[in-house]
Each structure stands twice: as C-alpha cells, then as structure tokens.
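Asks: Predicted model and sequence below, questions to follow.
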Amino acid sequence: MVRRGRRKTSPFGTRYATPRGSAARAPAAQASTGVASQPLVSAVPPKAAAALETPAGLKPGHPLADVADNERLYAFESGFRDRFANLVPVLKEVHALQHERDFEEKAQRIVEDNLGYRLPERVLEDAWINDLDTRELYLHGTFELFDQLVNEYWAGRDDLVDEAERAIAYFLDCDFHEVDISPCSDGRLLSLRRFILRLPDLAVRVKSYAGAQFDIEEDVRHWTKRELLRFREGRPTTADVPSRYLKIAAYHYSSADPHHQGCAAHGNSERDAADAALRQLRAFRQAIENTYCCGASVDTLLIGVDTDTDAVKIHIPDAETRMSLYRFVDSAKLYRETQDQDAHNAELRVYQAIQDAIHQQGWGHGNGAPHEGMLRLISRLLLNNISQLDYVARYHNGHYADVGHRERVIIVGQEVEEMQVRNFAYFAHLETMEEGAHGMDVGVNKIFRQLNVERGLPVPVVIHYRYDRKVPGSRERVEARCRRIRDQIMARYRELAEKGLIGCHMVIRDKRSGSQLEPLAG
C-alpha cells in the first residue's frame with residue numbers, strides 16, 4: 001500500500017534542476033480503421049454543454065500525488081520566474097541613476113551583480129543626450145536572460161537520456177513508437193509536457209500552433225521520416241513490429257472566465273477549440289491513409305486543458321479509433337472523487353472512470369474500447385495529471401492567479417524545448433511569414449499589445465531555428481532564414497518598430513538536444 005501523500009514513481013518520473021543564480025527554495029511538503037465519418041455537431045445539446053463545464057479549485061493532499069516530484073518542479077518553476085522577476089526592478093534602479101556622476105560604471109555594476117549580464121555601452125553613453133532608452137534595455141535584458149536560462153538548462157542533466165529511454169520503452173509497451181503532441185501556442189499551455197502531463201523532455205515531439213491547428217503536410221512529412229527510420233535503422237522498433245504513431249492535439253479553455261480567457265484563436269469558445277482540434281486530427285489521419293493506404297498505423301488522441309487549474313479532459317477513442325467531444329474523463333472530477341480514498345482504491349477509480357466513459361450511453365456513445373495500449377497510456381496520463389492538480393492546489397491555492405495572459409516573450413520559428421514554464425512565452429511556429437501570419441498576429445495584436453504595448457513596453461521576439469551540422473550549407477541557410485523572418489516581422493509591424501515597441505533577437509543552434517544558442521548579429 002502506498003502511503004497517503006506519496007505514490008510510486010511514474011515511468012515518466014524526472015528530476016529538475018533549479019536555474020543557477022536563483023534564490024528559489026522548494027517548501028517542504030504539506031500533510032486500425034479509417035477516419036471517423038460521423039458528422040461533428042453544430043450545436044451543443046444541454047446535457048453535453050453541462051459536461052463541458054469544469055469545477056473550480058482543488059485542495060492539496062491527494063493520495064496519488066508524487067510529492068517529491070512536485071517539490072522539484074516547484075523549485076524549478078520558482079527559480080525560472082525569479083530570474084525574470086528581477087528585470088524590471090533592476091532597470092528601474094538603473095533609470096533613477098542616469099544623471100548621476102559615474103552613471104555608466106554604476107549601472108553596469110548593478111546589472112552584473114543582480115542579473116548576470118552587461119548593458120550595451122552605446123545606450124549608456126547616449127543617455128545624457130535623450131535620456132536613457134529603457135525600451136532597448138528591456139529588450140536587451142529579456143534576450144540576455146532568455147539565453148542564460150536556455151544555455152544553463154542542460155547543466156548537470158545527464159539523467160535526461162535515461163529518463164527518455166524509460167519513457168520510450170513504456171510507450172512501446174503501449175504499442176506506440178512515436179508520440180507527437182501539438183498544443184495551442186498559448187503560453188498557458190507551455191507547461192503541457194513537463195508539468196501537466198509529466199512527460200520527459202526527449203521522449204515526445206511537441207510543436208505548438210495557434211488554436212492547435214497544426215500543419216498537416218508538415219506532420220505527414222514527419223510521419224514519413226519516422227517510418228523510414230523504422231525501416232532503415234530499426235529505431236525505436238523494426239518495421240515488422242505492430243506499433244503505432246500517436247498524434248495528440250491539445251486545446252484549452254478557462255473554467256474561471258470561459259467567455260474571455262479561453263483560446264483567442266477560437267474566440268474563447270471551448271467547443272469551437274475542441275471541434276477544430278478534432279477536425280485537424282481526423283484530417284491528419286485521413287491524409288496518411290489516403291497517401292500510404294488504410295493499413296498505416298496512426299492513432300489520435302484529443303486532450304483539453306483547463307488553463308486555470310491544469311485539469312485535463314482526455315477524450316476516449318472507441319474501438320474504431322473515433323472520438324467525440326462529449327466522451328471524456330475529467331481529471332478534476334476524478335481528483336475530487338478520490339482525494340479522501342486510500343491510494344489503491346483511488347487508482348482503481350481512475351481505471352473505472354475510463355471504463356465508464358467507454359460504456360456511456362446517449363450523446364458521445366462510442367463503439368467499444370480502444371486497444372489495450374491506448375487504455376494504459378490514458379490511465380498513466382490521468383495519474384500524472386493528478387500529481388499536477390495537487391501541485392496547483394499546494395502551491396497556487398488550487399487555481400492560478402493569472403488566469404489570463406502573462407507571457408514575457410514571443411518565440412518565432414522552432415520550439416525551444418527548455419521553455420516549459422506556464423505563461424512564459426507565446427509560440428508562433430512558422431517557416432515563412434505568409435504561412436504563419438495568423439499565429440504571429442494573435443501573439444502581437446491579441447496578446448502583447450495589451451500586455452506590453454499599452455504600458456509602453458516593447459514586444460520581445462526571439463527568432464529560433466536549428467541547423468544540421470552534418471548537412472553542408474545548413475547553417476548558412478538557417479542564418480539567412482532568421483534574417484529574412486526578422487525583416488518580415490519588422491515590416492509587418494512597422495508602426496511598432498518605428499516607436500521601438502518591438503524588437504527581435506535571432507538565435508540558431510545545432511539540432512542536437514543540449515546544443516547551445518548561437519546569437520546572430522543584425
């Protein structure tokens with residue numbers, strides 16, 4: 001029997017290092033068939049609409065919570081946030097000194113001592129002419145801290161490969177040779193992999209898109225690459241092993257303010273966000289089967305996230321791999337039902353909840369159960385999320401205070417796997433501005449105009465792409481892409497650029513995990 005407040009280590013169990021230079025402290029723990037052909041409904045029936053609602057906050061102390069893992073995660077999150085929390089107070093102190101004797105020397109010393117980087121000398125030298133350009137200092141500081149945290153992330157993390165290998169072995173036991181997740185690019189989903197689902201960094205592929213509307217053609221190309229590796233190199237299994245490629249889409253909603261703090265890309269409508277993500281999953285599966293025949297082994301899974309509590313709704317596929325918007329298991333409901341039980345009975349209730357969803361009658365009724373591997377993975381994700389709900393209950397009073405956007409930076413280009421702290425960054429995944437304009441506009445116009453521009457602060461944009469050192473000319477081509485994207489961003493938001501209210505930081509690096517950022521000069 002597992003003692004109350006502790007549970008056995010998950011196959012995805014990880015440890016996290018607190019960012020260096022942080023004063024963060026972790027408090028002690030307190031006591032395969034074709035795509036579904038059924039039409040999507042255009043209106044929500046009354047009972048189904050009630051099912052889409054999520055209850056409010058939770059109390060800590062769940063018997064299935066991994067308390068030790070939560071403590072490590074809190075230390076990591078606190079250290080990460082503390083580093084950036086110091087930026088504005090330090091810049092205010094520097095701003096107040098700009099007319100004093102020896103200003104440049106004093107300013108550099110204050111910033112080096114508190115933030116660990118040097119200010120651009122040109123900005124300090126010109127302060128006596130037109131006053132200190134604090135917007136440029138804010139951009140410079142944000143980019144310097146960003147680089148520090150990314151480059152320091154891998155220090156002392158030799159365990160990451162072992163953790164990934166254990167998770168991949170677990171996925172293979174569930175008959176999945178690849179797990180590919182596309183969440184919405186909203187910064188409140190930035191913690192999906194590490195916190196909400198508790199998946200190791202190197203074990204799953206994550207690419208964020210506005211509204212979870214991932215690029216189907218790009219994902220088909222990735223599927224093809226993964227299948228080629230199985231045929232040519234037997235990674236992670238040989239092609240004769242009957243395993244599957246799992247594509248997950250994650251939409252989001254707000255239980256506290258559903259009409260204003262939901263998904264901006266879908267007009268704050270939970271149903272529209274879930275509907276669009278489900279359609280995208282079906283289209284991806286259909287694209288694979290139309291191209292490579294109906295025997296192509298692709299499974300899909302839809303997950304909804306309440307960004308106020310990190311609770312999830314996992315939509316259960318049926319025996320024909322079909323999903324419904326109204327057939328799901330709600331982890332918040334499970335948490336409440338089991339928080340006063342012993343660990344054994346609580347875990348049994350998780351499995352029973354999945355069976356209840358499978359066999360439910362009426363709206364959302366499916367045709368039998370999914371394969372055994374899918375059931376095991378869903379149960380593991382629910383158990384992992386219960387630890388996250390306990391984390392939010394313990395350290396955030398059951399409900400995040402920042403139910404809205406609080407992002408600090410827009411990341412353009414390719415995912416930065418080290419950025420996995422909730423509400424820190426907004427992702428705009430794009431290869432060209434023409435294709436990614438909608439996602440970029442959501443970030444700049446719907447989020448950062450209110451967060452930063454209306455307060456006089458500039459919008460920090462990090463442009464990040466990877467190159468392959470094994471491919472001749474790859475680095476040069478990626479450098480050129482960075483500069484092209486930078487020029488297109490500054491042209492698209494020319495009004496902000498002319499006022500110093502948007503700035504770009506270009507970084508590239510080798511595609512190997514753990515490689516250091518290489519900043520590009522303008």
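Replies: Alright, I've got the coordinates. This structure is a prediction, so every number in the text was calculated from the model and none was measured.
Asks: partners of the host helix or strand of residue 329 in the sheet?
Replies: In this assignment (DSSP states H and E), residue 329 forms part of strand 328-330. For strand 328-330, the paired strands and their directions (DSSP bridges) are strand 312-315 (antiparallel).
Asks: Point to the residue nearest the middle of the protein.
Replies: What sits nearest the mean C-alpha location of the chain, by CA atoms, centre = their mean, is residue 190, with 2.8 Å.
Asks: can you give me the strands for this structure?
Replies: If DSSP state E is used as the criterion, the strands of the chain fall at 176-183, 205-206, 244-253, 298-306, 312-315, 328-330, 409-413, 425-429, 459-467, 502-510, 518-519.
Asks: which strands and helices sit next to the second one?
Replies: Using 3 or more CB pairs under 8 Å, 6 or more residues apart in numbering; DSSP states H and E, the elements in contact with strand 205-206 are strand 176-183. To be clear about C-beta, it is placed using only N, CA and C from the backbone, and glycine gets the same treatment.
Asks: now the strand it packs on: how far from the chain's centre is it?
Replies: Taking CA atoms, centre = their mean, to the nearest Å, one finds the center of strand 176-183 at 13 Å from the center of the full chain.
Asks: so that strand versus strand 244-253, what angle?
Replies: Going by axes from the mean of the first three to the mean of the last three CA atoms, to 10 degrees, strand 176-183 is angled at 20 degrees with respect to strand 244-253.
Asks: Can you name the residues in contact with strand 176-183?
Replies: Identification of contacts with strand 176-183 by CB atoms under 8 Å, 6 or more residues apart in numbering yields 171, 189, 192-193, 199, 203-209, 212, 214, 219, 222-223, 226, 230, 236-237, 241, 243-250, 252, 280, 299, 305, 373, 377.
Asks: what about burial for those, which qualify?
Replies: Buried subset of those (neighbour count, 16 or more other CB atoms under 10 Å): 171, 189, 192-193, 199, 203-209, 212, 214, 219, 222-223, 226, 230, 236-237, 243-250, 252, 280, 299, 305, 373, 377.
Asks: for the stretch 51-200 of the chain, which spans come out with low pLDDT?
Replies: 51-57, 156-157 (pLDDT under 70).
Asks: Check the stretch 301-450 of the chain too.
Replies: Applying pLDDT under 70 to the stretch 301-450 of the chain flags no residue at all.
Asks: Please enumerate the helices of it.
Replies: Counting by DSSP state H, counting those that start in this stretch, the stretch 301-450 of the chain has helices at residues 331-338, 343-358, 372-395, 433-441, 449-451.
Asks: Distance from the chain centre to the shortest one, please.
Replies: Between the centre of helix 449-451 and the centre of its chain there are 21 Å (CA atoms, centre = their mean).
Asks: Okay, buried residues for that helix please.
Replies: Buried residues in helix 449-451, counted by 16+ other CB under 10 Å: residue 451.
Asks: Next, count neighbours for the closest residue in space to residue 318 that isn't next to it in sequence.
Replies: Excluding its sequence neighbours, the residue lying closest to residue 318 (CB to CB, 6 or more residues apart in numbering) is residue 366, at 3.0 Å. Other residues within reach of residue 366 by the criterion other CB atoms under 10 Å amount to 21.
Asks: Return the distance of residue 366 relative to residue 212.
Replies: Applying CB to CB, to the nearest Å, the value for residue 366 to residue 212 is 22 Å.
Asks: from the chain's centre, how far out does the strand holding residue 329 sit?
Replies: The answer for strand 328-330 is 21 Å, by CA atoms, centre = their mean.
Asks: Report the buried residues of it.
Replies: Residues of strand 328-330 classed as buried: 328, 329, 330 (neighbour count, 16+ other CB under 10 Å).
Asks: Just put those residues in a markdown table and tack on distance to residue 309.
Replies: As requested, those are exported to a markdown table (distance: CB to CB, whole Å):
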| residue | distance to residue 309 |
| --- | --- |
| 328 | 16 |
| 329 | 15 |
| 330 | 11 |
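Asks: From the centre of this protein, point out the most distant residue.
Replies: Distance from the C-alpha centroid of the chain peaks at residue 101, with 46.2 Å (CA atoms, centre = their mean).
Asks: How much space separates that residue from residue 441?
Replies: In terms of CB to CB, residue 101 sits 47 Å off from residue 441.
Asks: Could you do residue 518 as well?
Replies: Counting by CB to CB, the separation of residue 518 from residue 441 is 28 Å.
Asks: got it, and residue 380?
Replies: Residue 380 is 37 Å from residue 441, by CB to CB.
Asks: Comparing these two, which shows the higher neighbour count?
Replies: Using other CB under 10 Å as the criterion, residue 380 and residue 441 rank with residue 380 on top: 21 against 15.
Asks: Can you pull the phi/psi pair for residue 256?
Replies: Phi and psi for residue 256, reported as degrees, to the nearest 10, are phi -80, psi -40.
Asks: burial of it, as a residue count?
Replies: 17.
Asks: wait, isn't it in contact with residue 402?
Replies: No - Residue 256 sits out of contact with residue 402 when judged by CB atoms under 8 Å, with a separation of 10.7 Å.
Asks: Bridged to residue 506, which residues?
Replies: residue 463.
Asks: ok, it - how many residues close by?
Replies: 24.
Asks: before we move on, what about residue 84?
Replies: 18.
Asks: which residues touch it?
Replies: Contact analysis of residue 84 by CB under 8 Å, 6+ apart lists 142, 145, 408, 424.
Asks: Please report the distance of it from residue 421.
Replies: Residue 84 is 10 Å from residue 421, by CB to CB.
Asks: do residue 332 as well
Replies: Counting by CB to CB - residue 332 and residue 421 are separated by 22 Å.
Asks: Give me the pLDDT for residue 490.
Replies: At residue 490, the model reports a pLDDT of 95.
Asks: Which residue, neighbours along the chain excluded, lies closest to it?
Replies: residue 497 (4.6 Å).
Asks: right, and that neighbour touches residue 488 too?
Replies: No - applying CB under 8 Å as the test, residue 497 and residue 488 come out as separate, 11.5 Å apart.
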